[in-house]
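Enquirer: Quick one, structure for this:
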Amino acid sequence: MSTETYCPRPDFNNIRAVLQNKRPSRPTLFEFYMNWPLYKQFCGSLPADCPPELEGMLTTILAYKNLGYDYAPVVFADFAFEMSNKESKASCSMNEGIISDRASFDAYAWPDPDKVVFDQLAEIEPFMPEGMKLIAWGPGGVLENVTSLVGYENLCFMIMEDEELATDIFNQVGSRFLRYYEKCLKYDTVGAIISNDDWGFRSQTLFSPEQLRRFVFPWHKKIAAAAHAAGRPAILHSCGQLEAVWDDIIDDMKYDAKHSYEDAILPIEQAYEKYGSRIAILGGLDLDFVCRSMPEAVYERAKAIVAQTSKRGGYALGTGNSIPEYVPVENYLAMIRAVRELH
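Expert: Okay, here's the model as predicted:
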(Lines give C-alpha, C1' and ligand atoms only; values in the text may rest on other atoms or scores of the structure.)
Protein backbone atom coordinates (compact mmCIF):
# COMPACT_ATOMS: atom_id res chain seq x y z
CA MET A 1 0.00 0.00 0.00
CA SER A 2 1.31 3.44 -0.88
CA THR A 3 0.79 6.57 1.16
CA GLU A 4 -2.08 7.66 -1.06
CA THR A 5 -5.18 8.54 0.91
CA TYR A 6 -7.96 5.95 1.07
CA CYS A 7 -10.66 8.58 0.59
CA PRO A 8 -10.68 11.95 -1.23
CA ARG A 9 -10.32 13.70 2.09
CA PRO A 10 -10.91 12.91 5.75
CA ASP A 11 -14.24 13.93 7.22
CA PHE A 12 -14.70 13.84 10.98
CA ASN A 13 -18.46 13.76 10.40
CA ASN A 14 -18.07 10.08 9.53
CA ILE A 15 -16.57 9.00 12.84
CA ARG A 16 -18.89 11.43 14.62
CA ALA A 17 -21.88 9.69 13.03
CA VAL A 18 -20.53 6.35 14.23
CA LEU A 19 -20.11 7.72 17.76
CA GLN A 20 -23.71 8.94 17.60
CA ASN A 21 -24.67 5.35 16.74
CA LYS A 22 -25.70 6.40 13.26
CA ARG A 23 -24.76 5.21 9.79
CA PRO A 24 -21.74 7.08 8.39
CA SER A 25 -21.61 8.19 4.77
CA ARG A 26 -18.94 5.56 4.05
CA PRO A 27 -17.27 2.66 5.89
CA THR A 28 -15.19 4.15 8.69
CA LEU A 29 -12.02 3.15 10.51
CA PHE A 30 -11.09 3.42 14.19
CA GLU A 31 -7.83 2.59 15.94
CA PHE A 32 -6.99 3.62 19.51
CA TYR A 33 -3.32 4.05 18.64
CA MET A 34 -0.70 2.42 16.44
CA ASN A 35 3.11 2.50 16.58
CA TRP A 36 5.90 4.85 15.63
CA PRO A 37 7.45 2.78 12.80
CA LEU A 38 4.02 2.54 11.17
CA TYR A 39 3.50 6.29 11.57
CA LYS A 40 6.88 6.97 9.98
CA GLN A 41 6.16 4.57 7.12
CA PHE A 42 2.87 6.19 6.16
CA CYS A 43 3.11 9.85 7.20
CA GLY A 44 4.74 11.03 3.99
CA SER A 45 6.68 14.30 4.13
CA LEU A 46 6.12 16.84 6.87
CA PRO A 47 5.68 20.48 5.85
CA ALA A 48 8.96 22.38 5.83
CA ASP A 49 7.54 24.99 8.21
CA CYS A 50 6.41 22.48 10.85
CA PRO A 51 7.96 23.47 14.21
CA PRO A 52 10.10 20.73 15.80
CA GLU A 53 7.83 20.51 18.82
CA LEU A 54 4.88 19.59 16.58
CA GLU A 55 6.65 17.00 14.43
CA GLY A 56 5.64 14.02 16.56
CA MET A 57 1.98 14.98 16.66
CA LEU A 58 1.88 15.84 12.96
CA THR A 59 3.58 12.56 12.03
CA THR A 60 0.76 10.70 13.78
CA ILE A 61 -1.89 12.90 12.18
CA LEU A 62 -0.60 12.48 8.63
CA ALA A 63 -0.16 8.73 9.03
CA TYR A 64 -3.75 8.38 10.23
CA LYS A 65 -4.92 10.56 7.36
CA ASN A 66 -3.01 8.62 4.73
CA LEU A 67 -4.24 5.31 6.10
CA GLY A 68 -7.84 6.43 5.79
CA TYR A 69 -8.89 7.73 9.20
CA ASP A 70 -10.97 10.83 9.87
CA TYR A 71 -9.16 11.68 13.10
CA ALA A 72 -5.88 11.12 14.91
CA PRO A 73 -5.36 10.28 18.60
CA VAL A 74 -3.38 12.53 20.90
CA VAL A 75 -2.19 12.17 24.50
CA PHE A 76 -0.26 14.53 26.76
CA ALA A 77 2.26 12.44 28.66
CA ASP A 78 3.39 15.52 30.63
CA PHE A 79 0.35 14.82 32.78
CA ALA A 80 1.33 11.68 34.68
CA PHE A 81 1.29 10.18 38.15
CA GLU A 82 4.85 9.64 39.38
CA MET A 83 5.57 5.97 40.00
CA SER A 84 9.36 5.88 39.73
CA ASN A 85 10.33 5.58 43.39
CA LYS A 86 9.07 2.02 43.64
CA GLU A 87 10.36 -1.07 41.88
CA SER A 88 8.10 -2.21 39.06
CA LYS A 89 7.61 -5.97 39.23
CA ALA A 90 5.85 -8.47 37.01
CA SER A 91 2.33 -7.39 37.88
CA CYS A 92 0.46 -4.70 39.76
CA SER A 93 -0.57 -7.25 42.38
CA MET A 94 3.11 -7.75 43.29
CA ASN A 95 3.95 -4.07 43.55
CA GLU A 96 4.41 -2.62 47.00
CA GLY A 97 2.82 0.64 45.91
CA ILE A 98 3.84 4.22 46.53
CA ILE A 99 0.86 5.10 48.73
CA SER A 100 0.20 2.75 51.63
CA ASP A 101 -1.13 4.98 54.40
CA ARG A 102 -2.27 8.50 55.21
CA ALA A 103 1.30 9.77 55.63
CA SER A 104 2.41 8.59 52.18
CA PHE A 105 -0.83 9.95 50.73
CA ASP A 106 -0.12 13.38 52.21
CA ALA A 107 3.50 13.29 51.03
CA TYR A 108 2.73 12.31 47.45
CA ALA A 109 3.33 14.98 44.78
CA TRP A 110 0.00 14.99 42.96
CA PRO A 111 0.26 16.19 39.33
CA ASP A 112 -1.54 19.38 38.40
CA PRO A 113 -3.29 19.31 35.00
CA ASP A 114 -3.46 23.10 35.04
CA LYS A 115 0.34 23.20 34.84
CA VAL A 116 0.42 21.03 31.72
CA VAL A 117 0.83 23.04 28.52
CA PHE A 118 -1.87 22.10 26.02
CA ASP A 119 -0.94 24.81 23.50
CA GLN A 120 -0.02 22.24 20.86
CA LEU A 121 -3.72 21.54 20.43
CA ALA A 122 -4.07 25.06 19.04
CA GLU A 123 -0.67 25.30 17.37
CA ILE A 124 -1.30 22.17 15.30
CA GLU A 125 -4.46 23.57 13.71
CA PRO A 126 -2.81 25.23 10.65
CA PHE A 127 -1.17 21.90 9.82
CA MET A 128 -4.27 19.73 10.25
CA PRO A 129 -5.62 18.16 7.04
CA GLU A 130 -8.98 19.64 6.15
CA GLY A 131 -11.82 17.69 7.69
CA MET A 132 -9.75 15.99 10.41
CA LYS A 133 -10.05 16.33 14.17
CA LEU A 134 -8.09 14.98 17.11
CA ILE A 135 -9.38 12.51 19.68
CA ALA A 136 -7.72 13.06 23.05
CA TRP A 137 -6.93 10.15 25.35
CA GLY A 138 -5.26 9.92 28.72
CA PRO A 139 -2.08 8.48 30.26
CA GLY A 140 -3.89 5.53 31.76
CA GLY A 141 -7.18 5.88 33.59
CA VAL A 142 -8.63 6.37 37.04
CA LEU A 143 -8.54 2.75 38.20
CA GLU A 144 -5.29 1.97 36.39
CA ASN A 145 -3.41 4.79 38.08
CA VAL A 146 -4.87 4.15 41.54
CA THR A 147 -3.89 0.49 41.19
CA SER A 148 -0.36 1.48 40.19
CA LEU A 149 -0.06 3.94 43.07
CA VAL A 150 -1.27 1.51 45.73
CA GLY A 151 -0.67 -1.97 44.27
CA TYR A 152 -3.56 -4.25 43.36
CA GLU A 153 -3.50 -6.51 46.42
CA ASN A 154 -2.90 -3.57 48.74
CA LEU A 155 -5.83 -1.73 47.17
CA CYS A 156 -8.08 -4.74 47.76
CA PHE A 157 -7.19 -4.63 51.46
CA MET A 158 -7.38 -0.84 51.67
CA ILE A 159 -10.91 -0.74 50.28
CA MET A 160 -12.01 -3.09 53.06
CA GLU A 161 -9.87 -1.75 55.91
CA ASP A 162 -9.51 1.99 55.23
CA GLU A 163 -12.32 3.02 52.91
CA GLU A 164 -11.79 6.70 53.67
CA LEU A 165 -8.19 6.62 52.45
CA ALA A 166 -9.16 4.60 49.38
CA THR A 167 -11.88 7.13 48.61
CA ASP A 168 -9.46 10.02 48.96
CA ILE A 169 -6.98 8.40 46.57
CA PHE A 170 -9.66 7.76 43.96
CA ASN A 171 -10.87 11.33 44.34
CA GLN A 172 -7.39 12.76 43.91
CA VAL A 173 -6.79 10.74 40.75
CA GLY A 174 -10.30 11.07 39.36
CA SER A 175 -10.53 14.82 39.81
CA ARG A 176 -7.23 15.27 37.99
CA PHE A 177 -8.33 13.16 35.05
CA LEU A 178 -11.55 15.14 34.87
CA ARG A 179 -9.58 18.37 34.74
CA TYR A 180 -7.21 16.90 32.12
CA TYR A 181 -10.10 16.16 29.79
CA GLU A 182 -11.76 19.50 30.51
CA LYS A 183 -8.56 21.20 29.39
CA CYS A 184 -8.37 19.14 26.20
CA LEU A 185 -12.00 19.89 25.38
CA LYS A 186 -11.37 23.62 25.30
CA TYR A 187 -9.67 23.29 21.90
CA ASP A 188 -11.58 23.24 18.61
CA THR A 189 -9.14 20.71 17.16
CA VAL A 190 -10.41 18.09 19.62
CA GLY A 191 -13.51 16.36 18.28
CA ALA A 192 -13.95 13.65 20.93
CA ILE A 193 -12.23 12.01 23.88
CA ILE A 194 -11.23 8.47 24.80
CA SER A 195 -11.30 7.64 28.50
CA ASN A 196 -9.00 4.62 28.67
CA ASP A 197 -9.15 2.57 31.86
CA ASP A 198 -8.96 -1.22 32.08
CA TRP A 199 -11.50 -2.70 34.50
CA GLY A 200 -11.36 -6.44 34.05
CA PHE A 201 -9.56 -9.72 33.93
CA ARG A 202 -10.50 -12.13 31.17
CA SER A 203 -12.99 -13.81 33.52
CA GLN A 204 -14.45 -10.97 35.62
CA THR A 205 -14.02 -7.37 36.71
CA LEU A 206 -10.92 -6.42 38.72
CA PHE A 207 -13.12 -5.35 41.62
CA SER A 208 -16.73 -6.17 42.32
CA PRO A 209 -19.29 -4.18 40.33
CA GLU A 210 -20.42 -2.60 43.60
CA GLN A 211 -16.89 -1.42 44.38
CA LEU A 212 -16.45 -0.06 40.86
CA ARG A 213 -19.72 1.84 41.24
CA ARG A 214 -18.54 3.20 44.57
CA PHE A 215 -15.03 4.33 43.65
CA VAL A 216 -14.47 4.39 39.88
CA PHE A 217 -17.64 4.93 37.89
CA PRO A 218 -18.62 8.32 39.39
CA TRP A 219 -15.46 9.83 37.88
CA HIS A 220 -16.12 8.26 34.51
CA LYS A 221 -19.64 9.61 34.61
CA LYS A 222 -18.21 13.09 35.20
CA ILE A 223 -15.66 12.70 32.40
CA ALA A 224 -18.34 11.65 29.90
CA ALA A 225 -20.59 14.48 31.10
CA ALA A 226 -17.76 16.99 30.57
CA ALA A 227 -17.39 15.81 26.98
CA HIS A 228 -21.12 16.07 26.38
CA ALA A 229 -21.25 19.54 27.94
CA ALA A 230 -18.60 20.56 25.41
CA GLY A 231 -20.61 19.04 22.56
CA ARG A 232 -18.22 16.11 22.04
CA PRO A 233 -18.70 12.34 22.17
CA ALA A 234 -16.98 10.24 24.82
CA ILE A 235 -15.45 6.84 24.07
CA LEU A 236 -14.63 4.23 26.71
CA HIS A 237 -11.63 2.00 26.06
CA SER A 238 -11.64 -0.71 28.72
CA CYS A 239 -10.27 -4.23 28.56
CA GLY A 240 -11.55 -7.26 30.38
CA GLN A 241 -14.76 -9.14 31.10
CA LEU A 242 -17.25 -6.35 31.71
CA GLU A 243 -20.57 -8.12 31.22
CA ALA A 244 -21.66 -7.21 34.75
CA VAL A 245 -21.23 -3.47 34.12
CA TRP A 246 -22.31 -2.91 30.50
CA ASP A 247 -25.57 -1.34 31.69
CA ASP A 248 -23.54 1.06 33.85
CA ILE A 249 -21.41 2.03 30.85
CA ILE A 250 -24.44 2.74 28.69
CA ASP A 251 -27.16 3.95 31.06
CA ASP A 252 -25.28 5.53 33.97
CA MET A 253 -21.95 6.78 32.66
CA LYS A 254 -23.55 7.38 29.25
CA TYR A 255 -20.51 6.69 27.14
CA ASP A 256 -21.24 7.04 23.44
CA ALA A 257 -18.99 4.20 22.30
CA LYS A 258 -17.12 1.22 23.69
CA HIS A 259 -13.74 -0.06 22.50
CA SER A 260 -11.60 -3.09 23.38
CA TYR A 261 -12.76 -6.63 22.64
CA GLU A 262 -11.27 -10.12 22.72
CA ASP A 263 -12.64 -13.27 21.14
CA ALA A 264 -12.03 -15.12 24.43
CA ILE A 265 -14.38 -12.68 26.20
CA LEU A 266 -16.92 -11.41 23.67
CA PRO A 267 -16.25 -11.60 19.92
CA ILE A 268 -16.94 -8.35 18.14
CA GLU A 269 -19.66 -9.87 15.97
CA GLN A 270 -21.58 -10.87 19.10
CA ALA A 271 -20.89 -7.58 20.88
CA TYR A 272 -22.42 -5.65 17.99
CA GLU A 273 -25.58 -7.75 18.00
CA LYS A 274 -25.91 -7.65 21.79
CA TYR A 275 -25.16 -3.99 22.49
CA GLY A 276 -25.00 -2.19 19.14
CA SER A 277 -28.54 -0.85 19.37
CA ARG A 278 -27.61 1.00 22.59
CA ILE A 279 -24.02 2.15 22.11
CA ALA A 280 -21.53 2.50 19.25
CA ILE A 281 -19.15 -0.44 18.90
CA LEU A 282 -15.57 0.31 17.81
CA GLY A 283 -12.88 -1.95 16.40
CA GLY A 284 -12.95 -5.41 17.85
CA LEU A 285 -10.96 -7.68 15.55
CA ASP A 286 -9.16 -9.80 18.12
CA LEU A 287 -5.51 -8.76 18.28
CA ASP A 288 -4.27 -12.34 18.61
CA PHE A 289 -6.32 -13.26 15.53
CA VAL A 290 -4.90 -10.33 13.58
CA CYS A 291 -1.34 -11.28 14.55
CA ARG A 292 -1.53 -15.04 13.96
CA SER A 293 -3.78 -15.28 10.91
CA MET A 294 -2.88 -15.08 7.26
CA PRO A 295 -3.62 -11.67 5.71
CA GLU A 296 -6.46 -13.07 3.61
CA ALA A 297 -8.20 -14.45 6.71
CA VAL A 298 -7.91 -11.06 8.40
CA TYR A 299 -9.33 -9.40 5.31
CA GLU A 300 -12.27 -11.82 5.06
CA ARG A 301 -13.26 -11.39 8.70
CA ALA A 302 -12.93 -7.61 8.45
CA LYS A 303 -15.05 -7.59 5.30
CA ALA A 304 -17.69 -9.71 7.03
CA ILE A 305 -18.01 -7.40 10.04
CA VAL A 306 -18.23 -4.36 7.76
CA ALA A 307 -21.05 -6.08 5.87
CA GLN A 308 -22.77 -7.10 9.11
CA THR A 309 -22.80 -3.52 10.41
CA SER A 310 -23.20 -1.52 7.19
CA LYS A 311 -26.97 -1.09 7.20
CA ARG A 312 -27.41 -0.15 10.86
CA GLY A 313 -24.21 1.84 11.42
CA GLY A 314 -22.74 2.62 14.81
CA TYR A 315 -19.57 0.71 13.96
CA ALA A 316 -16.03 1.56 12.84
CA LEU A 317 -13.56 -1.11 11.78
CA GLY A 318 -10.36 -1.73 13.72
CA THR A 319 -8.61 -4.09 16.09
CA GLY A 320 -9.81 -5.03 19.53
CA ASN A 321 -7.05 -3.00 21.16
CA SER A 322 -4.34 -1.22 19.14
CA ILE A 323 -1.54 -1.80 16.61
CA PRO A 324 1.70 -2.46 18.53
CA GLU A 325 4.91 -3.09 16.61
CA TYR A 326 4.54 -6.88 16.71
CA VAL A 327 1.42 -6.78 14.52
CA PRO A 328 2.47 -7.79 10.98
CA VAL A 329 2.06 -4.74 8.77
CA GLU A 330 0.61 -6.86 5.97
CA ASN A 331 -2.10 -8.13 8.33
CA TYR A 332 -3.00 -4.63 9.45
CA LEU A 333 -3.20 -3.48 5.83
CA ALA A 334 -5.36 -6.50 4.99
CA MET A 335 -7.80 -5.43 7.69
CA ILE A 336 -8.21 -1.85 6.49
CA ARG A 337 -8.38 -3.04 2.86
CA ALA A 338 -11.88 -4.29 3.70
CA VAL A 339 -12.92 -0.66 4.13
CA ARG A 340 -10.83 0.84 1.35
CA GLU A 341 -12.33 -1.46 -1.28
CA LEU A 342 -15.87 -0.48 -0.34
CA HIS A 343 -15.34 3.25 -0.72
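
Enquirer: Can you show me the helices along the stretch 1-150 of the chain?
Expert: 12-19, 36-42, 55-67, 102-107, 120-123, 142-150 (DSSP state H, counting those that start in this stretch).

Enquirer: if we compare those helices, which one ends up closest to residue 330?
Expert: Checking the helices of the stretch 1-150 of the chain against residue 330 by C-beta to C-beta gives helix 36-42 as the closest, at 11.9 Å. For the C-beta atoms, the positions are set from N, CA and C on the backbone; glycine is no exception.

Enquirer: Just the buried positions in stretch 222-229, please.
Expert: 222-224, 226-227 (16 or more other C-beta atoms under 10 Å).

Enquirer: what sits up against it?
Expert: 174, 177-178, 181-182, 185, 192-193, 195, 233-234, 236, 253-256 (C-beta atoms under 8 Å, 6 or more residues apart in numbering).

Enquirer: sorry, back to before: could you redo the helices of the stretch 1-150 of the chain as TSV and give each row mean neighbour count and mean pLDDT?
Expert: TSV is the format used below for the helices of the stretch 1-150 of the chain (neighbours: other C-beta atoms under 10 Å; pLDDT from 0 to 100):
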stretch	mean neighbour count	mean pLDDT
helix 12-19	23	99
helix 36-42	15	98
helix 55-67	21	98
helix 102-107	12	98
helix 120-123	16	98
helix 142-150	24	98
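
Enquirer: Tell me the one of the buried residues of stretch 222-229 nearest residue 74?
Expert: Nearest to residue 74 among the buried residues of stretch 222-229, with distances taken as C-beta to C-beta, is residue 227, at 14.8 Å.

Enquirer: tell me the angle the strand or helix carrying the closest one makes with helix 142-150.
Expert: Secondary structure assignment for residue 227, by DSSP states H and E: helix 217-229. Computed by axes from the mean of the first three to the mean of the last three C-alpha atoms, to 10 degrees, the angle separating helix 217-229 from helix 142-150 equals 140 degrees.

Enquirer: how distant is helix 217-229 from the center of its chain?
Expert: Once both centres are worked out by C-alpha atoms, centre = their mean, to the nearest Å, helix 217-229 turns out to sit 15 Å from its chain's centre.

Enquirer: can you pull the contacts of residue 58?
Expert: 43, 46-47, 50, 124, 127.

Enquirer: in the stretch 101-250 of the chain, which spans are strands?
Expert: Using DSSP state E, counting those that start in this stretch, the strands of the stretch 101-250 of the chain run over residues 133-137, 190-196, 234-237.

Enquirer: out of the helices of the stretch 1-150 of the chain, nearest to residue 326?
Expert: helix 36-42 (11.0 Å).

Enquirer: The closest one - contacts with which helices or strands?
Expert: helix 55-67, helix 329-340 (3 or more C-beta pairs under 8 Å, 6 or more residues apart in numbering; DSSP states H and E).

Enquirer: Using JSON lines, lay out those together with distance to residue 217.
Expert: Listed next are the helices and strands packed on helix 36-42 as JSON lines, based on distance: least, C-beta to C-beta, whole Å:
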{"stretch": "helix 55-67", "distance to residue 217": "30"}
{"stretch": "helix 329-340", "distance to residue 217": "32"}
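
Enquirer: nearest to residue 99, of these?
Expert: Residue 99 lies closest, by C-beta to C-beta, to one member of those: helix 55-67, at 31.8 Å.

Enquirer: quick revisit: which of the buried residues of stretch 222-229 sits closest to residue 69?
Expert: Of those, the one sitting nearest to residue 69 (C-beta to C-beta) turns out to be residue 227, at 19.6 Å.

Enquirer: Would you check how far apart the closest one and residue 169 are?
Expert: Distance from residue 227 to residue 169, counting by C-beta to C-beta, to the nearest Å: 24 Å.

Enquirer: Next: residue 124.
Expert: Counting by C-beta to C-beta - residue 124 and residue 169 are separated by 34 Å.

Enquirer: Residue 186 too?
Expert: Taking C-beta to C-beta, one finds residue 186 at 27 Å from residue 169.

Enquirer: which one of those two has more residues nearby?
Expert: residue 169 (21 against 11; other C-beta atoms under 10 Å).

Enquirer: so who does the nearest residue to that one once chain neighbours are set aside touch?
Expert: Excluding the flanking residues, the one nearest residue 169 by C-beta to C-beta, 6 or more residues apart in numbering is residue 146, at 5.6 Å. By C-beta under 8 Å, 6+ apart, residue 146 lies in contact with 155, 169-170, 173, 215.

Enquirer: mind running it again at 10 Å?
Expert: Residues counted as contacts of residue 146 (C-beta atoms under 10 Å, 6 or more residues apart in numbering) are 81, 97, 99, 140, 152, 155, 158, 166, 169-174, 197, 215-216.

Enquirer: Mind checking which of those are in helices?
Expert: Of the positions in these, 152, 155, 158, 166, 169-174, 215 sit in helices, assigned by DSSP state H.

Enquirer: just the buried members of those?
Expert: Using 16+ other C-beta under 10 Å, the buried ones in the ones in helices among the contacts of residue 146 are 152, 155, 158, 166, 169-170, 172-174, 215.

Enquirer: Would you mind giving the helices of the stretch 1-150 of the chain as a markdown table with distance to residue 209 added?
Expert: Shown next, in a markdown table, are the helices of the stretch 1-150 of the chain (distance: least, C-beta to C-beta, whole Å):
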| stretch | distance to residue 209 |
| --- | --- |
| helix 12-19 | 25 |
| helix 36-42 | 37 |
| helix 55-67 | 35 |
| helix 102-107 | 26 |
| helix 120-123 | 35 |
| helix 142-150 | 13 |
